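>>> Take this sequence and fold it.
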Amino acid sequence: MVELDRRALLIRGGLASGLAATGAIIAGCTTPEVKNAAAANTASTEQADIETFLKDAMVPFDGKHQAGITASSHAVLNLLGFNLKDTVGKKEFTNLMRLWTADARALCTSETPVGSLEPEMADTPANLTITCGLGERVFDVIGASKLRPKWLRDVEAFDRDKLDPAWGQTDIVLQICCDDPVTAGHAMRHMIRAGQDYAQVKWLQQGYGHAYGAGGKGDTPRNHFGQLDGTVNPRSDEEMDQQVWIDEGPQWARGGTSMVVRRIRMNLDTWEKLDRKSRENSIGRKLDNGAPLTGEEEFDKPDFDAVDKYGLPTIDRNSHIARAQAPDGKPQERMLRRAFNYDMQPDYAPISETGFVNDEEEISGTDVQLSNSGLVFICFQKDMTKVFEPMQRRMDEVDLLNEWITHIGSAVYFVPPGVQSGGTTGTFWAETLIDAVG
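The predicted structure follows:
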């Protein structure tokens with residue numbers, strides 16, 4: 001997934017070999033100062049190599065599927081919800097998709113988009129990905145109402161939701177992910193400016209994950225609760241094909257996916273009053289390494305039949321892991337999660353008046369909300385009505401974690417398949433859908 005200049009790679013390899021040899025010679029010396037200097041030089045060079053590597057790191061833009069879905073977790077998220085202007089029809093929408101695709105491809109491959117006034121800002125791709133999703137109204141705008149997937153609608157209403165229209169459905173979403181905040185900010189600004197004749201931003205949801213190099217490749221990221229979030233994600237191409245990519249129905253939809261965006265507020269103030277054991281019991285996993293309470297390692301299979309010395313379930317049947325688990329015989333009820341933490345200014349309202357607690361009896365009237373944080377939760381699956389909704393239905397009914405989380409935003413999008421540069425069709429986002437309209 002990462003492309004590096006061959007000459008730069010050879011030079012780095014030569015430097016590393018030379019330093020290794022030098023280090024071996026110095027290691028034989030007895031002078032502590034010399035040994036310390038050698039160690040410092042090696043560490044400094046390795047750090048410089050990592051930084052240069054990130055500068056050149058690219059995720060391929062073109063392919064069967066859009067980039068930014070199966071990519072490793074990024075450090076920065078800029079999620080933009082756009083609404084089309086009233087003057088936009090099929091022709092204008094086509095122009096927008098052509099324009100945005102070309103500019104996104106350029107930005108993600110360290111090229112300068114046409115008309116850009118800041119060419120140097122594209123020099124550091126840092127694993128930049130830009131993913132486009134379409135809301136249900138787009139199908140009406142382009143005259144494709146009869147082609148709209150049945151699942152492309154609002155997520156059903158759940159009793160525990162406290163949805164704010166400010167974080168609601170939009171016509172288009174652009175998911176901009178990167179490992180450098182400056183590059184991510186430039187990409188966001190450019191895409192907004194490039195599409196200004198056709199679409200306006202309704203909301204911006206910004207989030208973050210671990211910095212590049214803060215963990216191993218493929219490590220599961222942590223959320224504000226300290227929980228490893230995404231342990232059960234599909235990881236192999238075969239699992240992605242089974243759970244994420246649309247492979248039935250019209251050709252224009254194949255290779256695409258169903259995208260759900262949920263903004264989830266997390267009540268850190270009351271969560272932090274829990275002892276560690278209570279936190280782990282609510283989640284059903286150990287906080288240190290994400291292992292199920294019946295296992296030792298993160299990816300150990302949970303044993304929901306195991307009991308403790310008192311005969312009680314080791315993993316509470318109402319824990320988050322138990323309620324989110326796909327039922328036996330329904331392996332298709334699995335999804336790919338991409339969650340990013342967010343923080344906003346605390347509102348300092350009394351906790352008992354915020355509406356984000358379920359047990360006000362234990363809350364003092366003098367306690368105020370010191371956090372306004374949560375998750376921008378994004379998930380991908382073939383059909384959200386067969387995956388996300390059943391799972392959320394179970395958790396809305398009962399989930400110990402509900403005491404500390406509240407869903408405050410929701411949107412659903414169709415993510416078109418990937419594109420190919422220089423072909424005769426499928427060269428820009430949604431081209432095959434537009435062609436199907438005729």
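
>>> State the next helix or strand along the chain beyond the helix or strand hosting Ile408.
For Ile408, the host element (DSSP states H and E) is strand 405-415. Heading C-terminal from strand 405-415, the first helix or strand you meet, by DSSP H and E, is helix 431-437.

>>> And the contacts of that following helix?
Helix 431-437 has contacts (Cβ atoms under 8 Å, 6 or more residues apart in numbering) with 90, 93-94, 97, 142-144, 147, 250-253, 416-417, 419, 425-426. To be clear about C-beta, it is placed using only N, CA and C from the backbone, and glycine gets the same treatment.

>>> Can you give the domain ranges for the chain?
Domain assignment for the chain, taken from automatic domain parsing, gives 6-56, 76-437.

>>> got a list of what the closest residue to Val88 other than its chain neighbours touches?
Spatially, and ignoring its direct neighbours in sequence, Val88 is nearest to Tyr198 (5.3 Å; Cβ to Cβ, 6 or more residues apart in numbering). Contacts for Tyr198 (Cβ under 8 Å, 6+ apart) come out as 84-85, 88, 92-93, 95-96.

>>> swap the cut-off to 6 Å and go again
88, 92, 96 (Cβ atoms under 6 Å, 6 or more residues apart in numbering).

>>> Now tabulate these in JSON lines and tack on neighbour count, pLDDT and secondary structure.
Shown next, in JSON lines, are the contacts of Tyr198 (neighbours: other Cβ atoms under 10 Å; pLDDT from 0 to 100; DSSP: H, G, I helix; E, B strand; the rest coil):
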{"residue": "Val88", "neighbour count": "20", "pLDDT": "99", "secondary structure": "coil"}
{"residue": "Glu92", "neighbour count": "17", "pLDDT": "99", "secondary structure": "helix"}
{"residue": "Leu96", "neighbour count": "24", "pLDDT": "99", "secondary structure": "helix"}
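
>>> before we move on, the earlier item: with only the CA atoms kept, save the strand holding Ile408 in PDB.
The C-alpha coordinates for strand 405-415 follow below in PDB (Å, rounded to 0.1, in the frame of the first residue of the first chain):
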ATOM      1  CA  ILE A 405     -22.800   6.600  25.800                       C
ATOM      2  CA  THR A 406     -25.500   8.400  23.800                       C
ATOM      3  CA  HIS A 407     -25.900   8.500  20.000                       C
ATOM      4  CA  ILE A 408     -26.400  12.100  19.000                       C
ATOM      5  CA  GLY A 409     -25.800  12.000  15.200                       C
ATOM      6  CA  SER A 410     -26.700   9.600  12.300                       C
ATOM      7  CA  ALA A 411     -26.300   9.400   8.500                       C
ATOM      8  CA  VAL A 412     -26.200   6.700   5.900                       C
ATOM      9  CA  TYR A 413     -24.400   6.700   2.500                       C
ATOM     10  CA  PHE A 414     -23.800   4.500  -0.500                       C
ATOM     11  CA  VAL A 415     -20.100   4.400  -1.200                       C
END
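
>>> could you say what helices and strands it packs with?
strand 129-134, strand 257-266 (3 or more Cβ pairs under 6 Å, 6 or more residues apart in numbering; DSSP states H and E).

>>> highest average neighbour count across these?
Comparing these by mean neighbour count (mean count of other Cβ atoms under 10 Å), strand 129-134 comes out on top with a mean of 27.

>>> After that one, heading C-terminal, what element do we hit next?
Downstream of strand 129-134 (by DSSP H and E), the next one is helix 136-141.

>>> for that following helix, what is the average pLDDT?
For helix 136-141, mean pLDDT is 99.

>>> Ok, stretch 346-361 next?
On average, stretch 346-361 scores 63.

>>> returning to that earlier point: where does the residue nearest to Val88 land on pLDDT?
Tyr198 is assigned a pLDDT of 99 by the prediction.

>>> And the contacts of the strand holding Ile408?
Outside strand 405-415, the residues touching it (Cβ under 6 Å, 6+ apart) are 66, 133-135, 152, 155, 161-164, 167, 169, 173, 256-257, 259-266, 356, 384.

>>> now it, how far from the centre of its chain.
13 Å (Cα atoms, centre = their mean, to the nearest Å).

>>> So what angle separates the directions of that strand and strand 257-266?
With axes from the mean of the first three to the mean of the last three Cα atoms, to 10 degrees applied, the angle from strand 405-415 to strand 257-266 works out at 160 degrees.

>>> now the strands: where do they sit in the stretch 251-400 of the chain?
257-266, 336-343, 373-381 (DSSP state E, counting those that start in this stretch).

>>> Now list the buried members of the contacts of helix 431-437.
Neighbour-count burial (16 or more other Cβ atoms under 10 Å) applied to those gives 93-94, 97, 142, 144, 252-253, 416-417, 419, 426.

>>> Spatially nearest residue to Arg98, not counting backbone neighbours?
In space, Arg98 is closest to Phe428, 4.8 Å off (Cβ to Cβ, 6+ apart).
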